[in-house]
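Trainee: A predicted structure for the sequence below; I have some questions about it.
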Amino acid sequence: MDKRIYQVYELLLAEYGHQNWWPADTPWEVCMGTVLTQNTSWTNVEKAIDNFKALGAMSAEEVLQLEDQVIEEAIRPSGYYRIKKKRLRSVAHWWIDNRDKVPAGCSDEEIQHWRHSLLDVHGVGEETADCILLYCFNLPTFVIDTYTKRMVHRHLGMKANMKYGKLQRIFMESLPRDVALFNDFHALIVANSKVGCPNKKCLDNCSLRLINE
DNA sequence: CACCAGGCAAGTA
DNA sequence: TACTTGCATGGT
């Protein structure tokens, strides 16, 4: 239990306000976004998603109908188009098979079951799995990304290169089990990490206090 | 010009 | 288990 974690959330919330993630019209669009945004800027992902909308491929079923070359051209602006074509297809299959089986309210054991199910999908790692659980299904799992690791290293003096599961456990043990909070906090960390963000230093002024507490 | 962006899988030591 | 590399485009 690290009280500083919640303090960071309060500071970021005061600085940026609620983020209202994930920016998308439907759960499947969220799911598609989690794959397309892997190591890719969101502005590029928006172009790709607009391409799918222009093709009338707004569902997983419709995406799977697209020819190889068509789907590659749609993905192209978001990069890695050959790899992401395969990943998007495998995630679409998982989505069709499982979207209606995931319960709205879930025990921690059930969440782990669906997390493992997602990790078995080609192209889904820990962060993408947690993004799908949190932002598609509103299940309380905390998303860790490179920004989160960087932030706890810089501002809380934690080890750099912490393993995903260890850092995730620290966050989840230090925060109330609250989907809206998990949703907002991860989005706030991203907002605070964006290049050219003018408020980026909002944690710097209090970093000593946070580390020494 | 270099560097980064809401990672992952596959290969090597 | 713990690194390293390829993947691709668009913005700064």
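Mentor: Nice, thanks for sending it over.
Trainee: Test my guess that residue A:210 contacts residue A:4.
Mentor: Yes. In this structure, residue A:210 is within contact of residue A:4 by CB atoms under 8 Å, at 4.9 Å. Heads up, the C-betas are built off the backbone N, CA and C, glycines and all.
Trainee: any idea how far residue A:176 lies from residue A:80?
Mentor: Distance, residue A:176 to residue A:80, using CB to CB, to the nearest Å: 37 Å.
Trainee: Neighbour count: these two, which is higher?
Mentor: Counted by other CB atoms under 10 Å, residue A:176 and residue A:80 do not tie: residue A:80 has more neighbours, with 15 against 9.
Trainee: Identify the contacts common to residue A:210 and residue A:4.
Mentor: Common neighbours of residue A:210 and residue A:4 are listed as residue A:156 (criterion: CB atoms under 8 Å, 6 or more residues apart in numbering).
Trainee: remind me which residues of chain A are low pLDDT?
Mentor: Scanning chain A for pLDDT under 70 picks out A:208, A:212-213.
Trainee: in the helix ranked longest in it, what counts as buried?
Mentor: Using DSSP state H to define each element, chain A has its longest helix at helix A:81-98. The neighbour-count check on helix A:81-98 (16 or more other CB atoms under 10 Å) flags A:81, A:84-85, A:87-92, A:94-95 as buried.
Trainee: and residue A:8, what element?
Mentor: Assigned by DSSP states H and E, residue A:8 belongs to helix A:3-16.
Trainee: buried ones in that helix?
Mentor: For helix A:3-16, a neighbour-count test (16+ other CB under 10 Å) marks A:4-9, A:11-12, A:15-16 as buried.
Trainee: Could you export those residues to a markdown table, including columns for distance to residue A:101?
Mentor: A markdown table is the format used below for the buried residues of helix A:3-16 (distance: CB to CB, whole Å):
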| residue | distance to residue A:101 |
| --- | --- |
| A:4 | 38 |
| A:5 | 32 |
| A:6 | 33 |
| A:7 | 38 |
| A:8 | 35 |
| A:9 | 32 |
| A:11 | 39 |
| A:12 | 35 |
| A:15 | 39 |
| A:16 | 35 |
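Trainee: how much space between the closest residue to residue A:64 other than its chain neighbours and DNA strand B?
Mentor: Distance criterion CB to CB, 6 or more residues apart in numbering; nearest residue to residue A:64, sequence neighbours excluded, is residue A:92 at 5.2 Å. Residue A:92 sits 15 Å away from DNA strand B, going by CB to the nearest atom of the strand, to the nearest Å.
Trainee: swap in residue A:103?
Mentor: With distances taken as CB to the nearest atom of the strand, residue A:103 is found 23 Å from DNA strand B.
Trainee: Now for that residue: which residues touch it?
Mentor: Neighbour list for residue A:103: residue A:110 [criterion: CB under 8 Å, 6+ apart].
Trainee: returning to that earlier point: elements contacting the helix holding residue A:8?
Mentor: helix A:146-156, helix A:164-174, helix A:179-193, helix A:207-212 (3 or more CB pairs under 8 Å, 6 or more residues apart in numbering; DSSP states H and E).
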